[in-house]
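>>> All I have is the shape, not the residue letters:
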């Protein structure tokens with residue numbers, strides 16, 4: 001890291017506090033404060049601009065009822081698990097500190113069975129020349145190299161499970177592994193520090209019983225910090241599963257009731273953006289064909305299904321259009337290089 005990045009990292013660590021309980025939760029967790037560059041008191045009240053952004057979001061969702069239902073469900077789920085709270089009018093009126101609103105946007109995420117629509121917080125939205133991100137230290141890139149994680153993932157039998165937010169979450173998770181009460185759990189701590197990328201965890205072991213012991217230890221460490229995991233995916237199984245007390249008694253979860261266009265199904269899985277077939281232990285490159293116009297960096301239309309490609313391909317089809325589709329392949333370890 002550069003000297004400035006090291007200083008940012010120390011600021012972010014200083015903003016992290018490990019608490020056993022507080023007003024946010026009765027369970028142990030990490031409390032994270034914003035790593036301010038300057039005082040937030042200089043922020044203007046941007047409510048008018050954020051309300052305008054939300055009206056645009058509402059208009060877009062009104063044209064896509066399925067996405068609107070999924071978007072609303074994601075918001076309710078966020079509130080139900082305590083990731084967000086609804087402010088009462090008296091709380092808003094009683095606040096005498098700085099005021100800054102953050103809009104959120106719809107981001108279709110069809111390659112996910114659990115979050116087909118992502119909520120993206122727009123902390124970079126400017127108002128009167130200022131944004132929340134302008135005032136915050138970002139912190140260094142503390143992610144593990146994705147190629148290394150994916151290559152280690154295939155080395156043995158397999159089991160997977162605002163601006164500074166990514167750095168804060170990664171640092172908090174690694175600090176959990178450094179707590180003295182977990183000093184004896186060397187393998188579990190290694191998984192947490194080396195086999196993670198953003199919110200994915202990919203690890204493996206030759207012995208299934210040892211694998212279950214390690215994943216239980218990882219869950220124990222994370223739970224002590226307020227982190228929770230989705231069900232693990234095991235090689236040789238089909239779909240996401242809850243880890244059973246008896247490894248021979250494995251059952252798939254029930255399919256979700258809300259199915260969106262092009263949404264990934266529960267029996268389909270991902271490993272760091274690549275498709276993963278646990279039954280056959282194969283990785284697949286997830287491709288998509290989408291010739292719709294872009295708004296910013298996002299396509300405005302849905303990905304084409306296989307039976308729609310011939311009728312929806314532009315005529316004439318230019319080499320630039322084809323290259324654009326190929327460039328969209330996410331292939332971090334070059335699995336599709338010969339075909340491309």
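Perfect, I can see it now. In this text the structure is predicted, and so the values were computed from the model without any measurement.

>>> What strand or helix carries the closest residue in space to residue 304 that isn't next to it in sequence?
Distances taken as C-beta to C-beta, 6 or more residues apart in numbering put residue 289 closest to residue 304, at 4.7 Å, once the chain neighbours are dropped. (Glycine included, C-beta is placed from N, CA and C.) Here residue 289 is covered by no helix or strand, with elements defined by DSSP states H and E.

>>> burial count for residue 289?
Neighbour count of residue 289, defined by other C-beta atoms under 10 Å: 14.

>>> Quick check: it vs residue 320, distance?
Distance of residue 289 to residue 320, given as C-beta to C-beta, to the nearest Å: 15 Å.

>>> what does residue 122 give?
Taking C-beta to C-beta, one finds residue 122 at 30 Å from residue 320.

>>> Give me the three-state assignment for residue 193.
helix (DSSP: H, G, I helix; E, B strand; the rest coil).

>>> ugh, wrong one, I meant residue 172
helix.

>>> Distance check, it against residue 226.
Distance from residue 172 to residue 226, by C-beta to C-beta: 9 Å.

>>> Need the residues touching each of the two.
residue 30 (C-beta atoms under 8 Å, 6 or more residues apart in numbering).

>>> which of these two has more neighbours?
Neighbour totals were compared for residue 172 and residue 226, and residue 172 leads with 21 against 18 (other C-beta under 10 Å).

>>> Quick check: chain neighbours aside, which residue is closest to that one?
Nearest residue to residue 172, sequence neighbours excluded (C-beta to C-beta, 6+ apart): residue 30, at 4.2 Å.

>>> got the contact list for that neighbour?
16-19, 172, 175-176, 225-226.

>>> which among these end up buried?
For the contacts of residue 30, a neighbour count by 16 or more other C-beta atoms under 10 Å gives the buried set as 172, 176, 225-226.

>>> so of those, which ones are in helices?
172, 176 (DSSP state H).

>>> Throw the buried ones among the contacts of residue 30 into CSV and include pLDDT and distance to residue 10, thanks.
Formatted as CSV, those follow (pLDDT from 0 to 100; distance: C-beta to C-beta, whole Å):
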residue, pLDDT, distance to residue 10
172, 85, 14
176, 84, 18
225, 85, 20
226, 83, 22
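
>>> Quick check: of the buried ones among the contacts of residue 30, which lies closest to residue 293?
Among the buried ones among the contacts of residue 30, residue 172 lies closest to residue 293 (C-beta to C-beta), at 39.5 Å.

>>> Give me the number of neighbouring residues for residue 133.
Applying other C-beta under 10 Å, I find that residue 133 has 15 neighbouring residues.

>>> wait, doesn't it sit right on residue 123?
Yes. Distance between residue 133 and residue 123: 5.0 Å, which falls inside the contact criterion (C-beta atoms under 8 Å).

>>> Pick out the least confidently modelled helix or strand of the protein, by mean pLDDT.
strand 158-160 (a mean of 52; mean pLDDT, DSSP states H and E).

>>> what does stretch 48-59 contact?
Residues contacting stretch 48-59 (C-beta under 8 Å, 6+ apart): 101-106, 122, 125, 127.

>>> from those residues, which would you call buried?
For the contacts of stretch 48-59, buried by 16+ other C-beta under 10 Å: 101, 103-106, 125, 127.

>>> before we move on, the earlier item: can you read off the pLDDT for the residue nearest to residue 304?
pLDDT for residue 289: 87.

>>> just residue 163 next, same as before
So, for residue 163, pLDDT stands at 69.

>>> Over to residue 260?
In this model, residue 260 carries a pLDDT of 53.

>>> Tell me which residues touch residue 314, please.
291, 321.

>>> Now the phi/psi pair for it, please.
Residue 314 adopts backbone torsions of phi -60, psi 150, taken as degrees, to the nearest 10.

>>> likewise residue 304?
When read as degrees, to the nearest 10, the backbone of residue 304 gives phi -80, psi 140.

>>> That one contacts residue 310, correct?
No. Using C-beta under 8 Å, residue 304 makes no contact with residue 310, being 9.5 Å away.

>>> so what's the backbone phi/psi at residue 275?
Taking degrees, to the nearest 10 as the convention, residue 275 sits at phi -70, psi 140.

>>> Report the spatially closest residue to it, excluding sequence-adjacent ones.
Closest to residue 275 by C-beta to C-beta, 6+ apart is residue 284, at 3.6 Å.

>>> which residues does that neighbour contact?
274-277.

>>> how about the residues you listed in a markdown table, adding pLDDT and secondary structure?
Shown next, in a markdown table, are the contacts of residue 284 (pLDDT from 0 to 100; DSSP: H, G, I helix; E, B strand; the rest coil):
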| residue | pLDDT | secondary structure |
| --- | --- | --- |
| 274 | 79 | strand |
| 275 | 77 | strand |
| 276 | 77 | strand |
| 277 | 75 | strand |
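
>>> Buried ones among these?
Buried among those by 16+ other C-beta under 10 Å: 274-276.

>>> would CSV of the residues you listed with distance to residue 82 be doable?
Supplementary listing: the buried ones among the contacts of residue 284 in CSV, determined by distance: C-beta to C-beta, whole Å:
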residue, distance to residue 82
274, 31
275, 32
276, 30
